[in-house]
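K.L.:
got a predicted structure here, sequence first:
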Amino acid sequence: MRYPPVRLRALGAVGCVAALAALAACSSGGSSGNSGSNSNSGTVTVAVVSNPLITGQMIPLAKSNFEKQYPGIKVKFATYTEGDLRAAIEKNVSTHSNAFNVVMIGPYEAPLFAKNGWLTDLSKQYIASDPGYDAADLLPPIAKALSYKGDLYAVPFYGESSMMFYNKTLFQQAGLTMPHNPTWAQVEGFAAKLNQPGKVSGICLRGLAGWGDNMAALDTVVNTFGGQWFDMNWKPQLTSPPFVEATNFYVNLVRKYGEPGASNDSFNQLLTLYGQGKCAMWYDATVAATSIATTYPDVYKQTGYALAPVNKTKASGWLWTWSLGIPQGVSDSGAAWKFVSWATSKQYDELVAAKYGWSAVPPGTRTSLYNNPKYQQAAKAFASITQESINSADPEHPTLNPVPYVGVQYVDIPQFESLGLTVGQQIAGAIAGTESVNQALQAGQSAASQYTPAQLSGG
Amino acid sequence: MTVLEDLAPPPEVEVKPRGVSRRERWQLRLPLLPALIYTIVVTQIPFLVTLWYSFQSYFWNTPAPASFNGLANYKTVFTSPAFRGSLVRSVVMTVVAVIVAMILGVLFAVLLDRKFLGRSVVRTLMITPFLVMPAAAALVWAGPMLDPQFGLLNYLLQPFGVHHVAWLSTHALGSVILVMIWQWTPFMMLIVLAGLQSQPSDTLEAAKVDGAGPFATFRELTFPHLRPYIELGILLGSIYLVNVFDAVRLMTNGGPGTATTNLPFYLFQQVNNAFDIGGAAATGVVTVILTIIVATFALRMFARVFQFEEA
């Protein structure tokens, strides 16, 4: 029986042809072309970051409210962690595959993407003809960070700076007082006194490799110690004395008084640790206050807040906002704007407040929220310090000495995506103890030196 | 493809029907064509595209289109300490995991080969780790098992004076290898168990009659009989484990630093974090070439062993 009967062979061939046809069908299915520009119908596919304000509020509200309000529009969500979200969006937007017609980006991406012509000019295209949107109400530093040549290319869903959270009960027991505007030296002293290995860490800090993870926190320390990524001639400064001093300080702080296993921790892990009372202090995004208030009511009662600690500069908080933009040339862009404006509007805040309470409203985007007595009352503990932190963050002058770049906890150049990760990995290695801070920064310096000043400045 | 051709001695001489016309030969080939075309479409065309990209400077995060840059990407691959490091780690992870899994697998298989009450239940339990999805296994190990604060391992080790060890920071590579071993020991065990059960009982009885103890029997009879099974297990295990990604991605994300970055993860990062399509393509091409070299030697060696056994 060397050859099977003909019937079987024919069947096999048919099967293969069918498989090929299916493959062809799949590959042609993606590009269904432009549908009509009627803004009240269509499908909106949104790429978002998986964090509590989005998975817990935006997604359910889109189903229960937005789709009811606009029955013709269907909203689909693709949820990613921060690093994966960047990769997915970058791929999608730069190759014009247009799988998403709304993307969640931040101040790092918005100006770069806008410069490359990848994003829709929201100011000209939509906001100008939509007076109800009230873009003038957006917090000025946030709006500025999302603009390119004066026009908004993304609008903020929530905004944040960084600040210190601390456990008032533990501070009281130890007879310590946290000042409103602490220095890093004071924080180190507190951490040493409050650290109880195995029970409570003196301070919880990010260690997970990533420019939006450990580097975000470390960069603010570097800035206030007088360090910078590049000098005015775009020469890398990672091995300059202030950068080394700041990194040593941060790494020693987390190794001595930080949570165990810090090199795997970022926002979500630290939120859990802090929420379970395992951290006496926690330096992270201001938006954590909203999550603590809604998820960990017991710890919320004991939580005090202070501005981002400083050393040589007056303020050191970072500035970030998760915002929504519309890529250039997507289908159903009218419906996309309907969704974007809904999710970033004052009315959205009212919706959240009605369902989850005022303290759960996405913070840091609109002045009107901070002037709203109901919000002031409900979020009394952290509303004003959040606003103060955001307003004192200055991405255009982030460092002690002048720098040629924009960005507090990032450098707004395309190369930073890769460079920030490489350096972040090295720092995570130093935090885990697999290498020294000097080795880590040497490796970072040589990674930064592979680019010429002309490449870095985009000239 | 060439590798597989080396393996099988060409049977064409027998198979090729003599005296068939060209037309008939095509008729015989025709049913195979869809499958062949499908294989070429899904394997060879992407490879050619990869090859083409490996000579291009192409970054997703800049608007500039792809441009030819000669051998620059390959130069980067060969001079990059990151590539060398991940290559070494890939080898270490695969070798250690496969060998330890095999030793444990033989041990468990020998124990399971005995008759005892509840053997089938024990066997099912022993196989379970291999049936768990790799991603789920990695998450369970990273969270409930190895977490420094809430992890089971630290809890169990507490009476022995171990406190809050951050396994994934201080022993990252070891932790990832541990999970690989945990997952692949059952596979090795199954293969060796199949070998044990195919062992003719008369030789074992003869050995007993001749007065051989259990260790002598294992060394002189069982182990030589198991050799091809062990080699097959090592070969298949290596092929799968050199590609391990889930555990690295989900447990340590390649870190801390680059302590657990193996080749697949390094490639992933080049695309996913650096958006360096040209560099990633060059890394991929070099990896394929290295794999073919290693696989050729490995398959030749094993092919010889199998022929010897059959003879």
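P.N.:
Good, I have the coordinates.
K.L.:
C-alpha from now on. contacts and neighbour counts both.
P.N.:
Noted.
K.L.:
contacting residues for the residue in the stretch 201-311 of chain B that chain A sits nearest to?
P.N.:
Per CA to the nearest CA, B:Gly257 is where the stretch 201-311 of chain B lies closest to chain A, at 3.9 Å. Residues near B:Gly257 by CA atoms under 8 Å, 6 or more residues apart in numbering or on different chains: A:Ala209, A:Gly424, A:Gln425, A:Gln426, A:Ile427, A:Ala428, A:Gly429, A:Ala430, A:Thr434.
K.L.:
and the residue of the stretch 51-200 of chain B closest to chain A?
P.N.:
B:Ala166 (4.5 Å).
K.L.:
and the helices in the stretch 301-450 of chain A?
P.N.:
A:333-343, A:346-356, A:367-371, A:373-378, A:383-392, A:416-432, A:437-449 (DSSP state H, counting those that start in this stretch).
K.L.:
can you get me a residue count around residue 119?
P.N.:
This is for chain A. By the criterion of other CA atoms under 10 Å in any protein chain shown, A:Leu119 has 23 neighbours.
K.L.:
that's the wrong chain, I meant chain B
P.N.:
13.
K.L.:
in chain A, where is pLDDT below threshold?
P.N.:
Applying pLDDT under 70 to chain A flags the ranges A:1-38, A:459.
K.L.:
who in it is up against chain B?
P.N.:
A:9-10, A:12-13, A:16-17, A:20, A:83-84, A:87, A:90-91, A:94-95, A:116, A:198, A:208-209, A:260-264, A:414, A:417-418, A:421, A:424-430, A:432-434 (CA under 8 Å from any CA of the partner chain).
K.L.:
swap the cut-off to 6 Å and go again
P.N.:
Within chain A, the positions adjacent to chain B are A:13, A:16, A:87, A:94, A:116, A:260-261, A:418, A:425-426, A:428-429, A:432 by CA under 6 Å from any CA of the partner chain.
K.L.:
picking up where we left off before, go through the helices of the stretch 301-450 of chain A and pick out the most buried.
P.N.:
helix A:416-432 (a mean of 27; mean count of other CA atoms under 10 Å in any protein chain shown).
K.L.:
report the angle between that one and helix A:437-449.
P.N.:
170 degrees (axes from the mean of the first three to the mean of the last three CA atoms, to 10 degrees).
K.L.:
would you mind measuring from B:Ala135 to B:Ala82?
P.N.:
Distance from B:Ala135 to B:Ala82, counting by CA to CA, to the nearest Å: 25 Å.
K.L.:
A:Glu109 too?
P.N.:
27 Å.
K.L.:
again, but for A:Gly198
P.N.:
Counting by CA to CA - A:Gly198 and B:Ala82 are separated by 35 Å.
K.L.:
check A:Leu112 too.
P.N.:
28 Å.
K.L.:
more neighbours, the two?
P.N.:
A direct count of neighbours by other CA under 10 Å for A:Leu112 and B:Ala82 places A:Leu112 higher, at 18 against 15.
K.L.:
what element comes up after the host helix or strand of the more buried one heading to the C-terminus?
P.N.:
Assigned by DSSP states H and E, A:Leu112 belongs to helix A:109-115. Using DSSP H and E, the helix or strand that follows helix A:109-115 in sequence is helix A:122-125.
K.L.:
C-terminal to that following helix, what's the next element?
P.N.:
helix A:140-145.
K.L.:
centroid-nearest residue for chain B?
P.N.:
B:Tyr240 (2.1 Å; CA atoms, centre = their mean).
K.L.:
got a pLDDT number for that one?
P.N.:
Each residue has a pLDDT score; the one for B:Tyr240 is 89.
K.L.:
mind saving the C-alpha coords of the helix or strand harbouring it as PDB?
P.N.:
Using DSSP H and E, B:Tyr240 maps to helix B:223-241. The C-alpha trace of helix B:223-241 is given here as PDB (Å, rounded to 0.1, in the frame of the first residue of the first chain):
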ATOM      1  CA  PHE B 223      20.100   1.600  31.400                       C
ATOM      2  CA  PRO B 224      21.500   0.400  28.000                       C
ATOM      3  CA  HIS B 225      18.000  -0.500  27.000                       C
ATOM      4  CA  LEU B 226      16.800   3.000  28.000                       C
ATOM      5  CA  ARG B 227      19.500   4.800  26.200                       C
ATOM      6  CA  PRO B 228      17.600   5.600  23.000                       C
ATOM      7  CA  TYR B 229      14.600   6.700  25.000                       C
ATOM      8  CA  ILE B 230      16.800   9.000  27.100                       C
ATOM      9  CA  GLU B 231      18.400  10.400  24.000                       C
ATOM     10  CA  LEU B 232      15.000  11.000  22.400                       C
ATOM     11  CA  GLY B 233      13.800  12.800  25.500                       C
ATOM     12  CA  ILE B 234      16.900  15.000  25.600                       C
ATOM     13  CA  LEU B 235      16.500  15.900  21.900                       C
ATOM     14  CA  LEU B 236      12.900  16.800  22.100                       C
ATOM     15  CA  GLY B 237      13.300  18.500  25.500                       C
ATOM     16  CA  SER B 238      16.100  20.700  24.100                       C
ATOM     17  CA  ILE B 239      14.200  21.600  21.000                       C
ATOM     18  CA  TYR B 240      11.300  22.900  23.100                       C
ATOM     19  CA  LEU B 241      13.300  24.400  26.000                       C
END
